[in-house]
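Asks: predicted model follows, preceded by the sequence.
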Amino acid sequence: AQSVTQPDIHITVSEGASLELRCNYSYGATPYLFWYVQSPGQGLQLLLKYFSGDTLVQGIKGFEAEFKRSQSSFNLRKPSVHWSDAAEYFCAVGAGGAGRRALTFGSGTRLQVQP
Amino acid sequence: GAVVSQHPSWVICKSGTSVKIECRSLDFQATTMFWYRQFPKQSLMLMATSNEGSKATYEQGVEKDKFLINHASLTLSTLTVTSAHPEDSSFYICSARDLGGGQADTQYFGPGTRLTVL
């Protein structure tokens, strides 16, 4: 069965600083990988996804993520964080055509942005 | 992008009553929808997979007689929490798979429904 680990429960960065959120997955084949963002009391918004091809994927709001098979990682990055980026971030993995099966989510990383 | 709506966005009910939550795909058809539950400050946990025209598939530990799922059309799935108790209070989120085009492998999430059982 697949699993996702987000080692950082809570991260605080200053506005304008760079950001990297870690995600490690466990899955036997090529995974379908996603990053979602959730604001308090809200649903999930898809930031970006990786299915195949270029291992560096660009998403919305200036986010990008890099798939590294050798490290089983899919870390999320942003070069300059804005105060509006404060939220909960979830990494997720899907299998066998991600739309056909439910996603397995990591425990989430809460991002706090200091002025 | 594809939009998924949920209704209601929040509900408060008395213990022992039943609550129905609707999940709709607004601009696409979805043969499969998923229901997740999220407790405060925790991640999303899959409850069940809703398949249009057939019975839902429940995850281990989820009572199918308590959480009734109906997927009567390609754009609507409903989750009914029967005889709700305070421990059922949670944030319920649905997702739907877009059937068509290049987005077929992406799930889109609804905004969630916060259930509080008194």
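Replies: Thanks, I have it.
Asks: from here on, just use CA atoms for contacts and neighbour counts.
Replies: Will do.
Asks: ok, and does stretch B:20-35 reach over to chain A?
Replies: Yes. Judged by C-alpha under 8 Å from any C-alpha of the partner chain, stretch B:20-35 and chain A are in contact via B:32, B:34.
Asks: if you average pLDDT over stretch B:13-24, what comes out?
Replies: Per-region confidence: stretch B:13-24 scores 96 on mean pLDDT.
Asks: what's it in contact with?
Replies: Residues from elsewhere that reach stretch B:13-24, judged by C-alpha atoms under 8 Å, 6 or more residues apart in numbering or on different chains: B:4-8, B:75-86, B:94, B:110, B:113, B:115-118.
Asks: and those, which of them are buried?
Replies: Buried members of those, scored by 16 or more other C-alpha atoms under 10 Å in any protein chain shown, are B:4-8, B:75-82, B:84-85, B:94, B:110, B:113, B:115-117.
Asks: so which of the residues you listed also contact chain A?
Replies: Answer for the buried ones among the contacts of stretch B:13-24 near chain A (C-alpha under 8 Å from any C-alpha): residue B:110.
Asks: hey, C-alpha coordinates of stretch A:83-99 in PDB?
Replies: Output of stretch A:83-99 as PDB, limited to C-alpha atoms (Å, rounded to 0.1, in the frame of the first residue of the first chain):
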ATOM      1  CA  TRP A  83       1.800  36.300   3.500                       C
ATOM      2  CA  SER A  84      -1.200  34.800   1.700                       C
ATOM      3  CA  ASP A  85       0.600  31.500   1.400                       C
ATOM      4  CA  ALA A  86       0.000  30.800   5.000                       C
ATOM      5  CA  ALA A  87      -2.100  27.600   5.000                       C
ATOM      6  CA  GLU A  88      -1.900  23.800   5.400                       C
ATOM      7  CA  TYR A  89      -0.200  21.900   2.600                       C
ATOM      8  CA  PHE A  90      -0.800  18.300   1.800                       C
ATOM      9  CA  CYS A  91       1.200  16.000  -0.300                       C
ATOM     10  CA  ALA A  92      -0.700  13.100  -1.800                       C
ATOM     11  CA  VAL A  93       0.000  10.000  -3.800                       C
ATOM     12  CA  GLY A  94      -2.400   8.100  -6.100                       C
ATOM     13  CA  ALA A  95      -2.000   4.800  -7.900                       C
ATOM     14  CA  GLY A  96      -3.300   3.100 -10.900                       C
ATOM     15  CA  GLY A  97      -4.600   6.200 -12.600                       C
ATOM     16  CA  ALA A  98      -5.000   8.600  -9.800                       C
ATOM     17  CA  GLY A  99      -8.500   9.400 -10.700                       C
END
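Asks: now that stretch, how far from the centre of its chain.
Replies: A distance of 5 Å separates the centroid of the chain from that of stretch A:83-99, by C-alpha atoms, centre = their mean, to the nearest Å.
Asks: just the buried residues of stretch B:24-43, please?
Replies: Residues B:24-25, B:28-38, B:43 are the ones in stretch B:24-43 that count as buried (16+ other C-alpha under 10 Å).
Asks: just these: which are in strands?
Replies: B:24, B:25, B:32, B:33, B:34, B:35, B:36, B:37, B:38 (DSSP state E).
Asks: so who does residue B:92 touch?
Replies: Contacts for residue B:92 (C-alpha under 8 Å, 6+ apart) come out as B:35, B:36, B:37, B:38, B:112, B:113, B:114, B:115.
Asks: what's opposite the fourth one in the beta bridge?
Replies: Per DSSP bridges, residues listed as beta-bridge partners of residue B:38: residue B:44, residue B:91.
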